[in-house]
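Visitor: my questions concern the predicted model and sequence given below.
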Amino acid sequence: MSSNRTLTDAIKEDHEEMYEYYDNYKKAVGDADAQARWARQLTWEIARHAVGEEIVVYPLMEQHMGQEGTKLANQDREDHQKVKEQLYQLESLTAGTSDHDVLMARVMAHLHEHNDSEEIQDLPQLEPKLGQDGSQQAAANFTRTKKFAPTRPHPSAPNKPPAETLVGFLALPIDKLKDMFAKFPTEEMKKSAEQN
């Protein structure tokens with residue numbers, strides 16, 4: 001992670017990680033344990049990413065892009081809410097089952113559409129308003145915020161600061177405790193989940 005990374009770079013990097021984790025989930029067909037681990041890693045990344053955007057990116061859109069920014073940020077929050085609800089449902093299903101696979105595919109289809117919208121519409125409008133330095137600072141804030149974000153979906157939590165920030169700080173210790181006992185694809189990823 002370079003300090004001269006733009007906000008778009010940081011967001012796209014996360015989106016690519018999500019797709020990579022889902023690809024690994026699909027490659028693990030027939031191995032329910034491996035699928036459960038990749039599903040946990042994917043959920044962990046999506047949860048942190050969503051909160052990072054909601055706390056850092058969407059307020060910047062509202063601040064710098066006026067009514068259009070507010071409209072786009074609200075749509076993005078609705079998209080996140082849908083994904084959080086689906087991921088919450090996913091936690092009650094068993095990896096390796098058709099129900100789990102179908103819901104995971106729905107999550108990813110919705111997420112792909114949402115991510116494309118951010119990359120094609122939101123960020124290209126926001127970046128010029130932030131400027132290079134502002135974009136780099138926003139990327140650093142986004143990355144830092146993810147370290148303190150909940151690692152599991154909380155669909156009933158608020159999705160706007162400052163309430164989201166407070167609820168996130170309250171949920172984080174419980175999420176971290178659950179992560180200690182969760183299965184991740186590799187020990188390195190599990191350690192990362194415990195540290196971040």
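Guide: Thanks, I have it. Numbering: from 1, shown residues only.
Visitor: now Glu119, nearest residue through space, not along the chain?
Guide: If the residues on either side of it in the chain are set aside, Glu119 comes closest to Lys12, at 6.2 Å by Cβ to Cβ, 6 or more residues apart in numbering. From N, CA and C alone the C-beta is placed, and that goes for glycine too.
Visitor: could you tell me how far the one you found is located from Glu68?
Guide: Lys12 sits 21 Å away from Glu68 when distances are taken as Cβ to Cβ, to the nearest Å.
Visitor: okay, now Ser135: neighbour count?
Guide: When neighbours are counted by other Cβ atoms under 10 Å, Ser135 registers 23.
Visitor: same check on Ile120?
Guide: The number of residues near Ile120, taken as other Cβ under 10 Å, comes to 10.
Visitor: could you check how far it is from Leu72?
Guide: Separation of Ile120 from Leu72 (Cβ to Cβ): 11 Å.
Visitor: all strands for the protein, in order.
Guide: Here the chain has no strands by DSSP state E.
Visitor: name the single longest helix found in it.
Guide: Longest helix of the chain, by residue count under DSSP state H: helix 58-90.
Visitor: what helices and strands are in contact with that one?
Guide: Packed against helix 58-90, as judged by 3 or more Cβ pairs under 8 Å, 6 or more residues apart in numbering; DSSP states H and E, are the following elements: helix 32-52, helix 98-117, helix 123-146.
Visitor: now that we have those helices, can you turn them into TSV and tack on mean pLDDT?
Guide: Below are the helices and strands packed on helix 58-90 laid out as TSV (pLDDT from 0 to 100):
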stretch	mean pLDDT
helix 32-52	92
helix 98-117	97
helix 123-146	95
